[in-house]
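Peer 1: Have a look; sequence and predicted model below, questions after that.
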Amino acid sequence: MRALRNGLLLLWGSLIALLAPSGLAPARPLDEVIESKSLRVVAYLDNAPFSWLDGNEPRGIDVDLGRALARRLGVKAEIVLRMQGEKQDDDLRVNVWKGPLTGGGVGDVMMHVPYDRELALRNREAVVGNPYFEERVAVFVHPERPDGAFDFTAFKTEKIGVQIGTVADYFLMTYEDGAIAENVAHHVKPIEGAKRFLAKETSALMGVRSNVEGLLHTLNGKARMLEPAMPGIVRSRWVIAMAWKENSRDLGYALGAALEMLRTSGELRKIFARYKVTYAPPPEP
């Protein structure tokens, strides 16, 4: 373990030497994390299967990943779950570089941040990086549905469930100028849609793949997952990453090295499998 940690420190030092601007001293938050023996990980409070509170215990993919990263650094993880703000910019301000108005401080790293260039440019005080998962919109059908070509025109005569106000909802309501709109069954809470689907009130369920997989697992339900062509959809895939304070770049490099070890060892994929979520690696840059 000591040899592994020493190797990590050498790798981080090399990265910092290569990437730090000439003449500037590197930021020291990594040293402070190591000295305190604690990594403060911020995740969302109500974001199953990635993070939620089970009684008094934080659970989920992002929680387990945060703990695994901390172990690779040789420290313990302090998990902090917080409500999602109105905008992602608000979340970065509260959780990464400024802190809540009510107090509580920022985290060393925030999980589940969209890997988005425009978001990063708007928030210079934070660094968004270390992508670890690709989210996808998918369609779930009952296992007994015949195999073969799938087309959304099937929902001219069948019901499909979707959470109201989402990208998937907009796609379904505008598909072929509203050709299937009358058979779109809306729900507000994702679990409502999952229950209706399992009760066979709908023939299919459309939404963010990881969320639906997690819900079906919680409800002991089975389904077949499809990723058909979605012509005209605003966005069917996006990448999830982490964020840390701008002057904590050395910590970001260290977390990146630790994340790569989790990938190559297979531990990252196992974390997703623990919650019955199909792991989709982010595309190569």
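Peer 2: Ah, there it is. Numbers count the residues shown, from 1 in each chain.
Peer 1: C-alpha only now, for contacts and for neighbours.
Peer 2: Will do.
Peer 1: tell me the domain boundaries of the chain?
Peer 2: Residue ranges for the structural domains of the chain, counted by automatic domain parsing, are given in the record as 2-133+240-274, 136-226.
Peer 1: Compare those domains and say which comes out lowest on pLDDT.
Peer 2: Confidence, taken as mean pLDDT, is least for domain 2-133+240-274 of the domains of the chain (a mean of 86).
Peer 1: Which stretches in the protein count as strands?
Peer 2: With strands called from DSSP state E, the chain shows them at 38-44, 46-47, 51-54, 57-59, 76-82, 109-114, 126-141, 160-163, 184-187, 204-208, 224-226, 237-245.
Peer 1: so which of these gets nearest G266?
Peer 2: Relative to G266, the nearest member of the strands of the chain by Cα to Cα is strand 126-141, separated by 12.8 Å.
Peer 1: Report all helices and strands that that closest one contacts.
Peer 2: Packing contacts for strand 126-141, counted by 3 or more Cα pairs under 8 Å, 6 or more residues apart in numbering; DSSP states H and E, involve helix 117-122, strand 204-208, helix 209-218, strand 224-226, strand 237-245, helix 249-265.
Peer 1: Just send those back as TSV, with distance to W52 too.
Peer 2: Written out in TSV, the entries for these read as follows (distance: least, Cα to Cα, whole Å):
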stretch	distance to W52
helix 117-122	24
strand 204-208	17
helix 209-218	12
strand 224-226	24
strand 237-245	17
helix 249-265	22
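Peer 1: Switch these over to a markdown table; also include distance to M111 and mean neighbour count.
Peer 2: Compiled in a markdown table, the helices and strands packed on strand 126-141 are given as follows (distance: least, Cα to Cα, whole Å; neighbours: other Cα atoms under 10 Å):
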| stretch | distance to M111 | mean neighbour count |
| --- | --- | --- |
| helix 117-122 | 15 | 12 |
| strand 204-208 | 18 | 24 |
| helix 209-218 | 15 | 20 |
| strand 224-226 | 26 | 15 |
| strand 237-245 | 5 | 21 |
| helix 249-265 | 12 | 19 |
